[in-house]
Structures are given as C-alpha cells and as structure tokens.
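A.B. asks: need coordinates for the below:
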Amino acid sequence: MEEFTTKGTCSSKIIFEVRDHKIASLKFVGGCKGNTQGVGKLAVGRDIDEVIELLDGVLCRNGTSCPDQLAHALKAYKAAHPEA
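C.D. replies: Numbering: from 1, shown residues only. From the prediction side, this is the model:
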C-alpha cells in the first residue's frame, strides 16, 4: 500500500495499491465522501497513466482537487518506482 498526503484539498490522504501498472485499490481519507468514493470506483482497474492523463489538472479550489491530487500521487509513485 502506498500513502500520499494531499495538499489543498478536503481529503488529507490517499491510500492506494498498484499491481501490473493498474490501480488495484484506492481510498481517500476525508473529503466529500460521495465524490471520493466515485473517483475511487472509476479509477480502480485502470492503468495509472490513463488515470494521470484523465485527472491531472482537474480543479476544485486552491488550484487543485481530490482527482488532481490522485494524479500527483500516481506521478510520485511512478517517480519512486521507475520499473512501474
């Protein structure tokens, strides 16, 4: 499991797991429950590059959003795991 501390959003953390370059599990800690659950359900099973492309730059407030922070989390994951 990976943990990413968010910045500028109502959610405080994103907990996720990647297997075979796809999101295997995803949970936001805090935030708008319905929205973060929806993003999670839509992202699980998708290739991480596809999720980054779809969600990077989605804005809510403070120049970011929970989906945008997920894109940041996945980019950080890729940087830390170049083999992924």
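
A.B. asks: and the pLDDT at the one residue sitting closest to the centre of the chain?
C.D. replies: With distances taken as C-alpha atoms, centre = their mean, Leu70 lies nearest the centre of the chain, 2.1 Å away. With respect to pLDDT, Leu70 scores 98.

A.B. asks: tell me which residues touch it, please.
C.D. replies: 14, 16, 26, 39, 43, 51, 55 (C-beta atoms under 8 Å, 6 or more residues apart in numbering). Placement of C-beta: from N, CA and C, glycine included.

A.B. asks: what about 6 Å?
C.D. replies: Leu70 makes contact with 14, 55, according to C-beta atoms under 6 Å, 6 or more residues apart in numbering.

A.B. asks: surely it is in a helix?
C.D. replies: Yes: membership of Leu70 in a helix is supported by DSSP: H, G, I helix; E, B strand; the rest coil.

A.B. asks: how much space is there between it and Arg61?
C.D. replies: From Leu70 across to Arg61, the span is 16 Å (C-beta to C-beta, to the nearest Å).

A.B. asks: do the same with Arg19
C.D. replies: Taken as C-beta to C-beta, the span from Arg19 to Arg61 is 32 Å.

A.B. asks: Asp47 too?
C.D. replies: 28 Å.

A.B. asks: more neighbours: which of the two?
C.D. replies: Applying other C-beta atoms under 10 Å to Asp47 and Arg61 shows that Asp47 carries more neighbours, namely 13 against 9.

A.B. asks: for that one, grab phi and psi.
C.D. replies: phi -60, psi 140 (degrees, to the nearest 10).

A.B. asks: okay, and the beta partners of it?
C.D. replies: On the basis of DSSP bridges, Asp47 is bridged to Lys22.

A.B. asks: which residue ranges of this structure form strands?
C.D. replies: 2-5, 11-19, 22-30 (DSSP state E).

A.B. asks: any low-confidence regions in the chain?
C.D. replies: Along the chain, the parts satisfying pLDDT under 70 run over 84.

A.B. asks: returning to that earlier point: how about the strands of the chain, which one is nearest Lys78?
C.D. replies: With C-beta to C-beta as the measure, strand 11-19 is the member of the strands of the chain nearest Lys78 (9.1 Å).
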